[in-house]
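>>> Sequence plus the predicted model coming up.
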Amino acid sequence: MLIVGAGPAGSATAIRYLKNASHLKVGLADKSNFPRDKACGDGLGPGVVSVLNSLEIDFAEIPSVHPVHYAEVHGIGGISFSTGLEEANLDASHGLTVRRQEFDDFLRQKAIDIGALWLSEHRFVGYEPKGNMLQVHLHNQQTDQNFITTCQLLVGADGASSRVRRQAGISPSSSKRTGIGIRAYTKIPTEWTDRIIISYEEQLLPGYGWCFPFSNGTANVGCGMVVKDYQQLRPDLRELLAQYLEILADRGLQCSEPTDHSIHILPSGVLPKLIAERTALVGDAASMINPLSGEGIVYGMTAGMLLADSTTKALLKKESSDTETSPDTETSPDTETLHLALRRYEKQFRSRYSAHFRSTYLAQRMLRSKTWTHIFLKGASNDHKTRGAGIDLMFGDGRITPYSSARALWKAIKQKP
């Protein structure tokens, strides 16, 4: 099998397959040479810690990783509250901050260490069916030569502009369900490094801002919004970020002059079709991004594990009861069997996250409004259950219910001005 894209989703997929069956042939290809930087994702919720535990990976081994136990939310009218990340109701009680350059390379190397074949600087070009296999075309950017390989299963983990997704005929996310953001790095006082900050300030609406601190006193700061809003408002993203830094200063967080600005795209809000013939999508390639918080790594890594658990047996040669066959070989499975396994993967992922993504999309749409932002953040500042529901939406797998909505509204009305 071949995985295109060696970010967290692709590497986690490779790791899980090889832990399920160490003799499985797994290729891991990426257009970049690692280590490489990535514009987004330095802040990881508790779900990623749970996934790392499932992959038997100790997060403490990751260079410069920093555990964070609190989330601080800022909003309209000076609203501010802090809550513990254990409110996400996951196995882990804390999140992490770590530079993507280090996190992604660490996971990629883990995959290689347990048997993945690494194809550095190999850009995916396309594929076509060949019997009961796929013939995949890659371009080796080091030698400027084309490379052809065959595989039983192609996994698209190649990001927001996924070529695998396009080749599979799966339509891209609409501008209403795609985000655009800018991030930079700055220095902050070390007393602020125990929390991540999410901001729904009036000056940022219909967008939001964030600050993800590292243990060394630096932080990833940024702001983003829906692409459709960006197309209508046409803000200068650098100026918007500079304005956000001024807002943080007014909140008491003094940041140094930002450096290393980068703009990124985040397809989110609704799940597309996740499978095609002998093809599956995970991570950003499948729009697996929370539109409320911008986090996507936990969904991509979880999808990779679900895909591996659903399809490993279908990818392995079944041992014949009347002939001696070595289990240490890989052969092409029956197409029907693999198709059913892929359908099981999609069904499992949708069952777990479809309602969650609908809820986060609805919440993100409502928080574009000054009125609704004020109501819900005011309610959350006055009620620990509402805060917990919000954290679960942003960093867990929470859902909006009539009860949670009514409770937030009631707590906002009940609170004295």
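Cool, the structure landed.

>>> all contacts plus neighbour counts: C-alpha atoms, from now on.
OK.

>>> Could you pull up the contacting residues of the residue positioned nearest the centre of the chain?
Centrality entry for the chain: nearest residue to the mean C-alpha point is residue 296, 1.6 Å, by C-alpha atoms, centre = their mean. Listed by C-alpha atoms under 8 Å, 6 or more residues apart in numbering, the contact set of residue 296 reads 41, 283-284, 288-290.

>>> cutoff 6 Å now
Applying C-alpha atoms under 6 Å, 6 or more residues apart in numbering, we find residue 296 in contact with 288-289.

>>> same deal with residue 160?
Neighbouring residues of residue 160 by C-alpha under 6 Å, 6+ apart: 284-285.

>>> quick one: it from residue 268, how far?
According to C-alpha to C-alpha, to the nearest Å, residue 160 and residue 268 sit 9 Å apart.

>>> Could you tell me which residues touch both of these two?
Where contact means C-alpha under 6 Å, 6+ apart, no residue is in contact with each of residue 160 and residue 268.

>>> Can you report how many residues neighbour residue 59?
Taking other C-alpha atoms under 10 Å as the neighbour definition, residue 59 ends up with a count of 16.

>>> err, residue 233, not the other one
By other C-alpha under 10 Å, 10 other residues sit near residue 233.

>>> Centre of the chain to stretch 292-306, how far?
Stretch 292-306 has its C-alpha centroid displaced from the chain centroid by 4 Å (C-alpha atoms, centre = their mean, to the nearest Å).

>>> ignore the last one, stretch 215-229
For stretch 215-229, the distance from its own C-alpha centre to the chain's C-alpha centre is 15 Å (C-alpha atoms, centre = their mean).

>>> Just the C-alpha atoms of that stretch, please, in PDB.
Only the C-alpha atoms of stretch 215-229 are listed here, as PDB (Å, rounded to 0.1, in the frame of the first residue of the first chain):
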ATOM      1  CA  SER A 215       7.900  26.200  27.100                       C
ATOM      2  CA  ASN A 216      10.800  28.500  26.000                       C
ATOM      3  CA  GLY A 217       8.700  31.600  26.100                       C
ATOM      4  CA  THR A 218       7.800  31.800  22.400                       C
ATOM      5  CA  ALA A 219       4.300  31.300  21.000                       C
ATOM      6  CA  ASN A 220       2.400  30.700  17.700                       C
ATOM      7  CA  VAL A 221       0.000  33.600  17.400                       C
ATOM      8  CA  GLY A 222      -2.500  33.900  14.500                       C
ATOM      9  CA  CYS A 223      -6.000  34.700  13.400                       C
ATOM     10  CA  GLY A 224      -8.300  33.300  10.700                       C
ATOM     11  CA  MET A 225     -11.700  33.400   9.100                       C
ATOM     12  CA  VAL A 226     -13.900  31.700   6.600                       C
ATOM     13  CA  VAL A 227     -12.700  32.100   3.000                       C
ATOM     14  CA  LYS A 228     -16.000  33.500   1.900                       C
ATOM     15  CA  ASP A 229     -15.900  36.200   4.600                       C
END
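
>>> And for it, what's in contact with it?
For stretch 215-229, the external contacting residues (C-alpha under 6 Å, 6+ apart) are 66, 175-176, 178-188, 190, 207-213.

>>> Output the contacting helices and strands for the lowest-mean-pLDDT helix or strand in the chain.
In the chain, no helix or strand scores lower on mean pLDDT, DSSP states H and E than helix 402-414, which sits at a mean of 84. Judged by 3 or more C-alpha pairs under 6 Å, 6 or more residues apart in numbering; DSSP states H and E, helix 402-414 is in contact with helix 370-381.

>>> ok, residues contacting the helix it packs on?
Contacts with helix 370-381, where a contact means C-alpha under 6 Å, 6+ apart, come from 76, 81, 366-367, 386-387, 408, 411-412.

>>> Apply 7 Å and report the result again.
With contacts defined as C-alpha atoms under 7 Å, 6 or more residues apart in numbering, helix 370-381 is touched by 75-76, 79, 81, 202, 366-367, 386-387, 408-409, 411-412.

>>> Tell me which stretches of the stretch 51-200 of the chain form helices.
In the stretch 51-200 of the chain, the segments counted as helices under DSSP state H, counting those that start in this stretch are 100-113, 163-167.

>>> go on, the stretch 251-400 of the chain?
Counting by DSSP H, counting those that start in this stretch, the stretch 251-400 of the chain has helices at residues 297-315, 335-366, 370-381, 384-395.

>>> looking at those helices, which is closest to residue 144?
helix 297-315 (30.3 Å; C-alpha to C-alpha).

>>> pretty sure residue 91 is touching residue 49, no?
No. Using C-alpha atoms under 7 Å, residue 91 is not in contact with residue 49; the gap is 8.2 Å.
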